[in-house]
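Asks: Only the shape, not the letters, is given here:
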């Protein structure tokens, strides 16, 4: 079946930040889940001096997808070219270029170019890609602009932390407990209901209702990427009111005493909701402590239940 004709599109945005700073932000793919709303997780497969091979998990029109891309970095010209190795239908081929152009000392223009084909000549296939590229490009550029311009403010309200539990068991058994989230409402007291979908092996959509200490429940939705039996990375897309960002990962590292199971969180606080949720006298410090405690309590409880499960399996 013949591919569709090559389509080329361009999006751009003006950013109130130096071009070199913008380039550095785009060049470091580890930041992408925090910067770009569609991106769930990025993993380095190969890295050279100015080339890299990365695997990206992201949503397109609300559907989770994954693909592998090669990138060429040119820090002097402030250009990054990318090309998908194997695309996910209906995309047949996809590539493009980031171009950062200085407009003044403190402002720059970011141009995002795409070229692509569909797996067939059906108009609806190309229309689907047109919509996904347009939506994701606009979202990525708007998020990039916001992230760069507010970077200094975000430092105060973005933080990371990790909890670890030592388990006398196997990494596989601990991984299975975290991976089998569809059983969490039976296994974890703080989880009321769970809806888990995994249409693509290793790529999950997880929606659950979690009970707070006061008995109230809140709904969250996450996309998860699993790497049996050593890591599960995730990004929340439906968030509690005190957060604008929540990413993280579970890791399972075998050692001489069994396995060190860890839960890592990266959070950006929603400062607009602090006084609404915590009262008129609350500030960033109180919100940070509140969110840290809530997430850490649930994570540690989950790890301790995983510990009991894994140790029972031995």
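Replies: Nice, thanks for sending it over. Quick caveat, the model's predicted, so the values are computed rather than measured.
Asks: What are the phi and psi values at residue 312?
Replies: The phi/psi pair for residue 312 (degrees, to the nearest 10) reads phi -70, psi -30.
Asks: what's the helix or strand for the most centrally placed residue in the chain?
Replies: What sits nearest the mean C-alpha location of the chain, by Cα atoms, centre = their mean, is residue 40, with 2.8 Å. Assigned by DSSP states H and E, residue 40 belongs to strand 39-47.
Asks: coming back round to it: just checking, the residue nearest to the centre of the chain touches residue 63?
Replies: No: taking contacts as Cβ atoms under 8 Å, residue 40 lies outside contact range of residue 63: 11.6 Å. Heads up, the C-betas are built off the backbone N, CA and C, glycines and all.
Asks: thinking again about what came up before, quick one: residues contacting the residue nearest to the centre of the chain.
Replies: 33, 57-59, 64, 223, 225, 233-235 (Cβ atoms under 8 Å, 6 or more residues apart in numbering).
Asks: Same list, those, but as JSON lines with pLDDT and distance to residue 81 please.
Replies: Shown next, in JSON lines, are the contacts of residue 40 (pLDDT from 0 to 100; distance: Cβ to Cβ, whole Å):
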{"residue": "33", "pLDDT": "87", "distance to residue 81": "22"}
{"residue": "57", "pLDDT": "93", "distance to residue 81": "21"}
{"residue": "58", "pLDDT": "91", "distance to residue 81": "18"}
{"residue": "59", "pLDDT": "87", "distance to residue 81": "23"}
{"residue": "64", "pLDDT": "83", "distance to residue 81": "25"}
{"residue": "223", "pLDDT": "96", "distance to residue 81": "27"}
{"residue": "225", "pLDDT": "96", "distance to residue 81": "25"}
{"residue": "233", "pLDDT": "97", "distance to residue 81": "26"}
{"residue": "234", "pLDDT": "97", "distance to residue 81": "29"}
{"residue": "235", "pLDDT": "96", "distance to residue 81": "26"}
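Asks: Out of these, flag the one nearest to residue 5.
Replies: Minimum distance to residue 5 across the contacts of residue 40 is 24.9 Å, recorded for residue 58 (Cβ to Cβ).
Asks: So the spatially closest residue to residue 230 that is not a sequence neighbour versus residue 267, what's the distance?
Replies: Of all residues not flanking residue 230 in the chain, residue 252 sits nearest, at 5.4 Å (Cβ to Cβ, 6 or more residues apart in numbering). Distance, residue 252 to residue 267, by Cβ to Cβ, to the nearest Å: 22 Å.
Asks: before we move on, back to that, give the buried residues for the strand holding residue 40.
Replies: Using 16 or more other Cβ atoms under 10 Å as the test for burial, strand 39-47 gives 39-43.
Asks: just to revisit the earlier point, using the three-state scheme, assign the residue nearest to residue 230.
Replies: On the three-state scheme (DSSP: H, G, I helix; E, B strand; the rest coil), residue 252 is labelled strand.
Asks: distance of it from residue 42?
Replies: 20 Å.
Asks: and what of residue 220?
Replies: 22 Å.
Asks: do the same with residue 141
Replies: Separation of residue 141 from residue 42 (Cβ to Cβ) stands at 18 Å.
Asks: Which of the contacts of residue 40 fall within strands?
Replies: Applying DSSP state E to the contacts of residue 40, the entries found in strands are 57-59, 64, 223, 225, 233-235.
Asks: Just say helix, strand or coil for residue 81.
Replies: Secondary structure state of residue 81, per three-state DSSP, is strand.
Asks: Most widely separated two among the contacts of residue 40?
Replies: Distance extremes for these: the farthest pair is 59 and 233 at 14.4 Å, using Cβ to Cβ.
Asks: show me where pLDDT drops low in the chain?
Replies: Along the chain, the model assigns pLDDT under 70 to residues 1-2, 150-154.
Asks: circling back: ok, so of the contacts of residue 40, who is nearest residue 171?
Replies: Looking across those and measuring by Cβ to Cβ, the closest to residue 171 is residue 233, at 15.9 Å.
Asks: Distance check, that closest one against residue 240.
Replies: 20 Å.
Asks: ok, the two, which is more surrounded?
Replies: residue 233 (21 against 18; other Cβ atoms under 10 Å).
Asks: Identify each buried residue in stretch 97-111, please.
Replies: Buried positions in stretch 97-111, judged by neighbour count with 16+ other Cβ under 10 Å: 97-100, 108, 110-111.
Asks: Ok, stretch 142-162 next?
Replies: Neighbour-count burial for stretch 142-162 flags 143-145, 147-148, 154, 157-158, 161 (criterion: 16+ other Cβ under 10 Å).
Asks: Output those residues in JSON lines; the columns should cover distance to residue 180.
Replies: Formatted as JSON lines, the buried residues of stretch 142-162 follow (distance: Cβ to Cβ, whole Å):
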{"residue": "143", "distance to residue 180": "33"}
{"residue": "144", "distance to residue 180": "36"}
{"residue": "145", "distance to residue 180": "40"}
{"residue": "147", "distance to residue 180": "35"}
{"residue": "148", "distance to residue 180": "40"}
{"residue": "154", "distance to residue 180": "35"}
{"residue": "157", "distance to residue 180": "34"}
{"residue": "158", "distance to residue 180": "31"}
{"residue": "161", "distance to residue 180": "25"}
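Asks: Much appreciated, bye for now.
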